[in-house]
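**Student:** pasting the sequence and the predicted coordinates here, then a few questions.
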Amino acid sequence: MTEVLVIGAGITGSACAWRLAEAGFSVTVVHEAPIGGEATGAGMGHLTVHEGEAGVWELALAGRSLWERWAEELEPDIEYHRIGTLWLIPDEQAFILARRLQERFRDCGFRTELLDPVELGRREPHLRPYWLGALYVPDDATVYAPRAAWRLLERARARRARLIRARVVALEPDGVRLAGGVCLKADYTVIAAGVQAVELLPDLPVRPRRGHLLVSERRPGLVRHALVSMSYSATVESRQQASWAFNVHPRPNGQLLIGSCREWDVWDRRPDPKWGAQLLQEACRYIPELATTNVLRSWTGLRAASRDGRPLIGPHPQEPCWIVATAQEGLGITMAPAVAELVWAYISAKEPPLDPSPYRLEGRLCPNPSQSASTAAL
């Protein structure tokens, strides 16, 4: 039986473990931190699609579609809720982008609706009448990603996958070496360790992109949909040191998640009060009632981003038995099911469900690993 090691039990690693165990492989997951912690636990859990570099749209689209099936198969406590997204339009340029996005959604079979300011105000009555309207995507959803990672791993373990709580310190051609010197053997090793993948493979063009989030006290009904400014896509694609965009989501328990920002090459996980204040000020600007709402806590997450904006999925040129699955940036939760399908296709030698070429590692590795982002982590 083919032996597969999966490094990492965030949403991507757990998804890969479940898909591979389901396919009949002997799977061992190696993970030291809390299951579903790190970037998985720090995100909003927004299952959506937005424009990006080549291949980003297709991978997110495939992942979002698979989540609809997962939501029926996994337990209700993953909190999958189809709340819909309102892509808010601040100006005429954003309106043009919204129309283009709407056409692309429609070409893929998405339901969409372009709302004028009056209809937007009816659907979100607490939103300040600043916007020119919104693009409504009703079938977008949110999920509690840490619990989803747990449930996926449980499903994998029900199919005899093993979980080893340990830290991987080195990759070997036939497995991995753990802290303490123990070696685990395998036919394939899946590196789904997020931004920490560069500690094992310093030539990966992976950079950390830190984000801050706030969570409020319960305010049921204050926000009804995922509210995202159309400038969010520009924030994702920005190569500036720091950028931010208005982004507020309701949780099923009535709390609100408030974001979001992105900082390149910051490894420090401690929240920066400056960013927390900026995000809250911006949210209050558009939802005035938030000024009387208590913020319970703030936290950060380190998104794994590639230097060219495309995920890294596929065999490493140095060792084809090392299958990399990282750098999905802020869409990692949405993409996880589709990433798992690509990993399964590589290991099974089957036809992949979508074109894998945008995500391959060939030609994208750092020629001088000493200059990679990994040097900042060590």
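**Tutor:** Now that the structure is in, tell me what you want to look at. On a predicted model such as this, the values are computed, not experimentally measured, just so you know.

**Student:** now do the same end-to-end measure for stretch 104-123.
**Tutor:** 24 Å (CA to CA, to the nearest Å).

**Student:** just how off-centre is it within its chain?
**Tutor:** 24 Å (CA atoms, centre = their mean, to the nearest Å).

**Student:** buried stuff in it?
**Tutor:** Arg104, Phe105, Phe110, Thr112, Leu115, Leu120, Gly121 (16 or more other CB atoms under 10 Å). The C-beta positions use only the backbone N, C-alpha and C, and glycine is treated the same way.

**Student:** any idea how far Ala336 is from the third one?
**Tutor:** Shown here: Phe110 relative to Ala336, a distance of 20 Å by CB to CB, to the nearest Å.

**Student:** tell me the helix or strand right after the helix or strand containing Ile323.
**Tutor:** Taking DSSP states H and E as the criterion, Ile323 maps to strand 322-326. Per DSSP H and E, the first helix or strand lying C-terminal to strand 322-326 is helix 332-348.

**Student:** packing partners of that following helix?
**Tutor:** Where contact means 3 or more CB pairs under 8 Å, 6 or more residues apart in numbering; DSSP states H and E, helix 332-348 is packed against helix 11-22, helix 38-42, strand 46-47, helix 56-73, strand 312-315, strand 322-326.

**Student:** and Arg269, which of the ones you listed is closest to it?
**Tutor:** Ranking the helices and strands packed on helix 332-348 by proximity to Arg269 (CB to CB) places helix 38-42 first, at 8.8 Å.

**Student:** follow-up on the earlier one: looking at the buried residues of stretch 104-123, which are in helices?
**Tutor:** Under the assignment DSSP state H, those contribute Arg104, Phe105, Leu120, Gly121 to helices.

**Student:** residue contacts, the last one?
**Tutor:** With contacts taken as CB atoms under 8 Å, 6 or more residues apart in numbering, Gly121 has the following neighbours: Leu127, Pro129.

**Student:** per-residue pLDDT, it?
**Tutor:** For Gly121, the pLDDT comes out at 97.

**Student:** assign the residue of the chain most remote from its centre to helix, strand or coil.
**Tutor:** Most distant residue from the mean C-alpha position of the chain: Val118, 32.8 Å away (CA atoms, centre = their mean). Under DSSP: H, G, I helix; E, B strand; the rest coil, Val118 falls in the helix class.

**Student:** now it: how far from Thr112?
**Tutor:** 18 Å.

**Student:** with Leu171 instead?
**Tutor:** Applying CB to CB to Leu171 and Thr112 gives a distance of 44 Å.

**Student:** and what of Arg162?
**Tutor:** Arg162 is 44 Å from Thr112, by CB to CB.

**Student:** likewise Val215?
**Tutor:** 29 Å.

**Student:** what of Trp267?
**Tutor:** 38 Å.

**Student:** next one: Arg151
**Tutor:** From Arg151 to Thr112 the distance is 30 Å (CB to CB).

**Student:** over to Leu280?
**Tutor:** 30 Å.

**Student:** for Asn294, same thing?
**Tutor:** For Asn294 relative to Thr112 (CB to CB), the value is 35 Å.

**Student:** ok, Leu114 - contacts?
**Tutor:** Ala98, Arg99, Gln102, Gly133, Ala134, Leu135, Tyr136.

**Student:** so for the last one, what's the nearest residue that isn't a sequence neighbour?
**Tutor:** So that's Tyr136. In this structure, Tyr136 finds its nearest non-sequential neighbour in Glu113, 4.4 Å apart by CB to CB, 6 or more residues apart in numbering.

**Student:** start and end of stretch 185-203, how far apart?
**Tutor:** Across stretch 185-203, first to last residue, CA to CA, it's 23 Å.

**Student:** quick one: average confidence on it?
**Tutor:** Here the average pLDDT along stretch 185-203 is 97.

**Student:** next up, the contacts around the residue nearest the centre of the chain.
**Tutor:** Residue closest to the average C-alpha location in the chain (CA atoms, centre = their mean): Gly332, at 2.2 Å. Neighbouring residues of Gly332 by CB under 8 Å, 6+ apart: Gly10, Ile11, Thr12, Ala39, Thr40, Gly43, Gly194, Arg303, Ala304.
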